[in-house]
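K.L.:
how does the following fold in three dimensions:
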Amino acid sequence: MAATWHETLRNRDPFRRIFSRLKSMDRRLQSWSARSVGHVELRLSVSRVLIARLDAAQDFRQPSPVESWLRRQLKRTYLGLASLHRSIARQCVHLSWLRAADTNIAFLHLYAAHCKKWNHIHELCVNDSVVTDPAAMAEAAYRHFSDLLGTTNHHDHTIALEEIDDRHFDLSALDQPFSVDEIWAAIRQLPHGMAPGLDSFTSEFLLAAWDIIRDDFVEAFGKLYELNGCGFHKLNEALLTLIPKGPDASTLSEYRPISLIHLFAKLVAKVLSLCSRRALASSSPPTRVSSSLAVPSTRTSC
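P.N.:
Coordinates of the predicted model:
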């Protein structure tokens with residue numbers, strides 16, 4: 001893993017360097033998986049046929065030591081492949097409440113195929129008309145959720161925050177550069193067992209390869225601290241998808257959008273949230289609320 005990470009041409013931009021190295025690592029890991037594991041179902045079928053032929057041969061003659069050894073090895077391999085096959089199927093259906101002995105592999109395959117068909121949007125009702133073209137549905141979804149976000153409007157009044165709580169806090173720690181300990185603490189608190197991001201990696205990769213990728217990630221955080229976002233778009237993309245709220249969803253208001261972002265963007269958000277949490281922990285809820293909260297808009301808006 002270390003050789004694969006460092007063999008990529010070193011780019012002066014840490015964002016682009018991390019992006020290219022993650023892509024190279026993903027290709028190498030997929031190649032390694034194909035060589036070491038291969039097609040699981042095909043290997044299961046071959047092992048099953050060989051075991052059946054060796055068992056049938058035992059009915060007519062005594063197996064040789066080599067055949068006995070081969071049969072034991074095939075059974076070990078078959079059990080390992082069967083466990084791997086079931087784990088892959090369970091990951092496809094995302095049923096965390098399902099126990100290991102509650103169902104068989106056929107149910108997992110059927111449920112995964114059903115979810116894939118159910119999540120596909122065939123048509124949408126937009127302004128009393130039915131839209132079936134994928135590009136038109138994407139454009140309608142973009143307009144719908146953009147309108148929900150709204151725009152900034154001028155207000156004649158605002159909230160005087162100093163009237164709510166006139167205490168002052170020392171927030172100078174938030175202006176300090178990101179430290180290695182802060183980044184590592186955020187990595188350890190990232191949720192585990194989640195779907196991989198656009199770069200095909202999860203938080204488990206950060207835990208396992210932190211000693212290898214640490215320097216590049218720390219340099220990228222330093223660039224963010226300097227408010228230099230050049231090249232950050234490589235790691236700040238998101239894939240949006242719509243999840244139906246019910247079985248008969250037909251309009252965009254009956255769908256819930258979710259996003260799939262890069263692993264580095266998840267880590268940045270986690271580090272910022274932990275920094276904000278420490279700052280908020282030093283303050284307590286306000287004990288006095290003033291009744292005169294409405295002031296002219298010349299005050300600083302919240």
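K.L.:
which regions of the stretch 151-300 of the chain sit below the pLDDT cut-off?
P.N.:
283-300 (pLDDT under 70).
K.L.:
where along it do the helices fall?
P.N.:
Along the stretch 151-300 of the chain, counting by DSSP state H, counting those that start in this stretch, helices occupy 161-164, 180-189, 203-225, 263-281.
K.L.:
closest one to H233 among those helices?
P.N.:
Set against H233 and scored by Cβ to Cβ, these come closest in helix 263-281, at 10.7 Å. Where you see a C-beta, it was placed from the backbone N, CA and C, and this is true even at glycine.
K.L.:
what's the closest one packed up against?
P.N.:
Counting contacts by 3 or more Cβ pairs under 8 Å, 6 or more residues apart in numbering; DSSP states H and E, helix 263-281 packs against helix 180-189, helix 203-225.
K.L.:
may I see the buried residues of that helix?
P.N.:
L263, F264, A265, K266, L267, V268, K270, V271, C275 (16 or more other Cβ atoms under 10 Å).
K.L.:
and the contacts of it?
P.N.:
Here helix 263-281 makes contact (Cβ atoms under 8 Å, 6 or more residues apart in numbering) with 18, 22, 169, 171, 173-174, 178, 182-183, 185-187, 189-190, 196-197, 199, 201-203, 205-206, 217, 220-221, 224, 235-236, 238.
K.L.:
over to stretch 48-67?
P.N.:
Counting by Cβ under 8 Å, 6+ apart, L70, R71, L74, K75, Y78 sit against stretch 48-67.
K.L.:
list the contacts for I88?
P.N.:
I88 touches V40, counting by Cβ under 8 Å, 6+ apart.
K.L.:
contacts only, for F19.
P.N.:
F19 neighbours (Cβ under 8 Å, 6+ apart): D199, K234, L235.
K.L.:
how confident was the prediction at it?
P.N.:
If you check F19, the pLDDT there is 91.
K.L.:
that one: which element?
P.N.:
With secondary structure defined by DSSP states H and E, F19 is part of helix 14-36.
K.L.:
how far off centre is that helix?
P.N.:
16 Å (Cα atoms, centre = their mean, to the nearest Å).
K.L.:
stretch 153-171 too?
P.N.:
How far stretch 153-171 lies from its chain's middle: 36 Å, per Cα atoms, centre = their mean.
K.L.:
show me the protein divided up by domain.
P.N.:
28-119, 158-280+289-296 (automatic domain parsing).
K.L.:
quick one: which of the ones you listed is nearest S146?
P.N.:
domain 158-280+289-296 (11.4 Å).
K.L.:
before we move on, back to that, how about the contacts of F19 in a markdown table, adding distance to D128 and neighbour count?
P.N.:
Below are the contacts of F19 laid out as a markdown table (distance: Cβ to Cβ, whole Å; neighbours: other Cβ atoms under 10 Å):
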| residue | distance to D128 | neighbour count |
| --- | --- | --- |
| D199 | 41 | 22 |
| K234 | 41 | 18 |
| L235 | 41 | 23 |
